[in-house]
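S.K.: Generate a structure from the sequence data that follows.
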Amino acid sequence: MFNSRTILLTKPEFFSGEADIINALFTAGLPILHLRKPHATAEQVDALVAQIDASFRDRIVMHDHDLHSCHTLEEVRKKKQQLTINSKLSTINSYIFLSPIFDSISKQGYHAAFTDEELRQAHSDGIIDEHVVALGGITPDNAHKALALGFGGVAILGDIWQSDNPVERLKQYQNHKQ
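M.R.: Alright, predicted model coming up:
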């Protein structure tokens, strides 16, 4: 079920054993880790990255201003136009998150913002495409639905990090039958 745009976002805060879990997730097949630590210093982020096996570091995307999470289809349309003008949308790590696609796992009361019909129409209109990644409430049971709606990938957060065993939970994505 993994594709090249199956992305795991880190928890926003650091936690004990995080690098070991990240290494294990990469070993289990994680394609991309989106490292997002909004309140961290560059030194703290560098220290975490230094603990991640060097062979996995090319699969880490650092969160910066070029990676944007949108909450409306109009935001996606505008951001894609801006990125295309700046010639950044064609690079492998250029993608836009749209959320929430499903009810959030990590944020209480954060519900799906779009109907399936709205998402299908946005795909038909070229708003949702291979550069738009579904975020919000992604699980092994609904990830395939997001891809079928035209998203170029899925971003996972709460489903993995709130699991008792993140590696085993990740394997459920790999083994899930569509």
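S.K.: Contact partners for I138?
M.R.: Applying Cβ atoms under 8 Å, 6 or more residues apart in numbering to I138 gives the contacts 101-102, 146, 154-157, 159. (Each C-beta comes from the backbone N, C-alpha and C, glycine too.)
S.K.: Could I get the phi/psi values of it?
M.R.: phi -70, psi 130 (degrees, to the nearest 10).
S.K.: How much space separates the residue minimising distance to the centre of the chain from I127?
M.R.: Taking Cα atoms, centre = their mean as the criterion, A155 is the residue nearest the geometric centre of the chain, at 2.4 Å. Going from A155 to I127 by Cβ to Cβ, to the nearest Å gives 17 Å.
S.K.: I101 now?
M.R.: I101 is 14 Å from I127, by Cβ to Cβ.
S.K.: more neighbours, these two?
M.R.: I101 (26 against 20; other Cβ atoms under 10 Å).
S.K.: Give me the spatial nearest neighbour of that one, chain neighbours excluded.
M.R.: Computed as Cβ to Cβ, 6 or more residues apart in numbering, the closest residue to I101 that is not its neighbour in sequence is A134, at 4.3 Å.
S.K.: longest helix of this protein?
M.R.: In the chain, taking DSSP state H as the definition, the longest helix is helix 73-85.
S.K.: Return the set of buried residues in that helix.
M.R.: 73, 76-77, 79-80, 83 (16 or more other Cβ atoms under 10 Å).
S.K.: helices or strands up against it?
M.R.: Packed against helix 73-85, as judged by 3 or more Cβ pairs under 8 Å, 6 or more residues apart in numbering; DSSP states H and E, are the following elements: strand 68-70, strand 96-98, helix 116-124.
S.K.: what comes into contact with the last one?
M.R.: The set of residues that contact helix 116-124 without belonging to it, under Cβ under 8 Å, 6+ apart, is 73, 76, 101, 114, 128-129, 149-150.
S.K.: Rounded mean pLDDT for it, please.
M.R.: For helix 116-124, mean pLDDT is 96.
S.K.: Buried residues in it, which are they?
M.R.: For helix 116-124, a neighbour-count test (16+ other Cβ under 10 Å) marks 119, 122-123 as buried.
S.K.: Dump that helix to PDB, keeping only the CA atoms.
M.R.: This file holds the C-alpha atoms of helix 116-124, laid out as PDB (Å, rounded to 0.1, in the frame of the first residue of the first chain):
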ATOM      1  CA  ASP A 116     -16.000  12.700  -1.100                       C
ATOM      2  CA  GLU A 117     -17.800  14.500  -3.900                       C
ATOM      3  CA  GLU A 118     -15.900  17.800  -3.200                       C
ATOM      4  CA  LEU A 119     -12.600  15.900  -3.300                       C
ATOM      5  CA  ARG A 120     -13.600  14.000  -6.500                       C
ATOM      6  CA  GLN A 121     -14.500  17.300  -8.200                       C
ATOM      7  CA  ALA A 122     -11.300  18.900  -7.000                       C
ATOM      8  CA  HIS A 123      -9.400  16.000  -8.600                       C
ATOM      9  CA  SER A 124     -11.400  16.400 -11.800                       C
END
